[in-house]
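K.L.:
Below are the sequence and a predicted model for it; my questions follow.
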Amino acid sequence: MAKIVVALGGNALQSKGKVSAADQKAVAKETAEKLVEVINQGHQLVIVHGNGPQVGNILLGQHSIASEAAPAMPLDTCGAMSQGSIGYWLQQALNNAFHKNNLNDQAVAIVTQTVVDEHDPKFLTPEKPIGPFYDSEAEAVKTSNGQDYIFREDSGRGWRRVVASPSPLEIVETKAIKALTDAGVTLIVAGGGGIPVIKRADGSYQGIEAVIDKDLSAALIAKHIGADRFIILTTVAAVKLGFGTPEETSLGVASSDDISRYIDEGQFGAGSMLPKVQAAQRFVTDSGNNAVIGELSDIEAIVAGRAGTIITP
């Protein structure tokens, strides 16, 4: 049995144009059924999910109806809202799938906080995409309701709002995560990378407005629980070199040194594939084990080593 941390992209949890709770619960059901196929083989999963589309939609909704009587919630609180809703959908879908497959397993979602440095320079250069895609910058700006939002084109898929994404330093609930993992519980943790907080001089925590990259947080969790493997599931079957060009090719196997070279060449988008390969590289360096980046539909083949981009130490 392998202990596997799976990072599940927020975009993989939401089909384009289908954003209702019912739609997203349906996608969560499909996702859970795929993951349970792996659990049924005897592997233990710790699941970290993204929240980019969801937290952006929550934030838009908050500002569209904000008033003195019902003020809009800050970004960290919106992140907590998305963590709760997605965690609920996945937890319920996984437990239903366990029951359907006669498995004596249980899934539990943990509200998770992630410590960041309030002086992280990334607060000065927002680059993490959140929320829906728009066909043009002008269309995106119209939705901002006068807020001072920054929008950028996201890997040829449309325009999205970008926010600060500081590096994760510590997972506040690590002790609980490790204890429950050791007890054999299937965990859903650090949704959206975790709720961003700073640690004050007196040891207390305080939320801060940002969105943490879930892949980097997942790599941190994988390190602390001693994961055998780290799998990043996204909407593409493999990492691409020359993405969007006539020379585009899929990357099968790459060493950590190879990844460093490709990063220096600018092969990966800052708000999309770059943090994924950096997170995978961080895990293989820390653990000496492999990481894989691939598509959810290929999860069984990925676990078997037959699909995705395999990143080695």
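P.N.:
Received, thanks.
K.L.:
can you pull the pLDDT of Gly17?
P.N.:
Note on Gly17: pLDDT of 66.
K.L.:
what are the ranges of the helices in the chain?
P.N.:
According to DSSP state H, the chain carries its helices in the segments 21-39, 52-64, 75-100, 137-142, 174-182, 214-225, 256-264, 273-287, 299-303.
K.L.:
low-confidence ranges in the stretch 151-300 of the chain?
P.N.:
271 (pLDDT under 70).
K.L.:
Could I get the phi/psi values of the closest residue to Pro74 other than its chain neighbours?
P.N.:
Among residues not flanking Pro74 along the chain, Glu209 sits closest, at 5.4 Å (CB to CB, 6 or more residues apart in numbering). Heads up, the C-betas are built off the backbone N, CA and C, glycines and all. Phi and psi for Glu209, reported as degrees, to the nearest 10, are phi -80, psi 110.
K.L.:
Of all the helices of the chain, which one is nearest Gly131?
P.N.:
helix 52-64 (2.0 Å; CB to CB).
K.L.:
Now do that closest one against helix 75-100, angle only.
P.N.:
Put simply, helix 52-64 runs at 130 degrees to helix 75-100, going by axes from the mean of the first three to the mean of the last three CA atoms, to 10 degrees.
K.L.:
about what we covered before: can you give me the neighbour number for the residue nearest to Pro74?
P.N.:
Residues lying near Glu209 (other CB atoms under 10 Å) number 14.
K.L.:
was I right about it contacting Cys78?
P.N.:
No - with contact defined as CB atoms under 8 Å, Glu209 does not count as touching Cys78 (9.2 Å).
K.L.:
any idea how far the closest residue to Arg157 other than its chain neighbours is from Leu60?
P.N.:
Nearest residue to Arg157, sequence neighbours excluded (CB to CB, 6+ apart): Phe133, at 5.6 Å. Separation of Phe133 from Leu60 (CB to CB, to the nearest Å): 13 Å.
K.L.:
ok, how many other residues are close to the nearest residue to Ser250 once chain neighbours are set aside?
P.N.:
With sequence-adjacent residues excluded and distances taken as CB to CB, 6+ apart, Ser250 is closest to Ala238, at 4.1 Å. Ala238 has 19 neighbours, counted by other CB under 10 Å.
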